[in-house]
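Novice: Provided below are the primary sequence and the corresponding predicted coordinates.
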Amino acid sequence: VGIVMAASRCLHTVKVRVSTQKWNSHIRKDYTLHKTLLCDDYLHACVPGDVVRIEPGHRTSRTKRHIVEEVVSPMRTGFERIQPEGVAGWLKRREEKRAAKLLR
């Protein structure tokens with residue numbers, strides 16, 4: 001689960017900030033570590049401020065290795081929002097693209 005930091009800068013890509021806790025044994029305190037990931041959002045369903053769930057393990061481009069699975073908490077924008085396609089939609093789109101390539 002992460003927060004969308006940037007959207008609509010790159011085509012079909014959002015930048016998501018994921019926070020984790022790390023224990024420092026010397027100070028005996030948890031610290032928050034942030035990791036910024038590029039995620040695939042083909043339908044442009046995310047806006048900055050959305051809390052999203054991402055699915056790792058699918059390399060969609062050279063730098064993107066995650067896919068936006070769902071919007072957990074949408075940012076209030078005042079217009080109707082669509083849901084992201086998720087891993088199933090991405091796999092379906094990839095298979096259609098490969099089948100069309102084989103027919104050429």
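Specialist: Ah, there it is.
Novice: mind listing the helices for the protein?
Specialist: 86-103 (DSSP state H).
Novice: Residue 60: what's it in contact with?
Specialist: For residue 60, the contacting residues are 40, 67, 90, by Cβ atoms under 8 Å, 6 or more residues apart in numbering. In short, each C-beta sits where N, CA and C put it, glycine included.
Novice: Isn't the second one up against residue 53?
Specialist: No: taking Cβ atoms under 8 Å as the definition, residue 67 is not a contact partner of residue 53, at 10.1 Å.
Novice: who has more neighbours, the two?
Specialist: Between residue 67 and residue 53, counted using other Cβ atoms under 10 Å, residue 67 has the larger neighbour count: 23 against 14.
Novice: Please name the bridge partners of that one.
Specialist: residue 40, residue 55 (DSSP bridges).
Novice: how far away is it from residue 85?
Specialist: Distance of residue 67 to residue 85, given as Cβ to Cβ, to the nearest Å: 8 Å.
Novice: With residue 100 instead?
Specialist: Note on residue 100: its distance to residue 85, by Cβ to Cβ, is 18 Å.
Novice: Looking at the two, which is more packed in?
Specialist: residue 85 (19 against 9).
Novice: What residues does the more buried one make contact with?
Specialist: Counting by Cβ under 8 Å, 6+ apart, residue 85 makes contact with 42, 43, 93.
Novice: Please read off the pLDDT at it from the model.
Specialist: Looking at residue 85, its pLDDT reads 91.
Novice: Please tell me how far it sits from residue 33.
Specialist: Distance, residue 85 to residue 33, by Cβ to Cβ: 30 Å.
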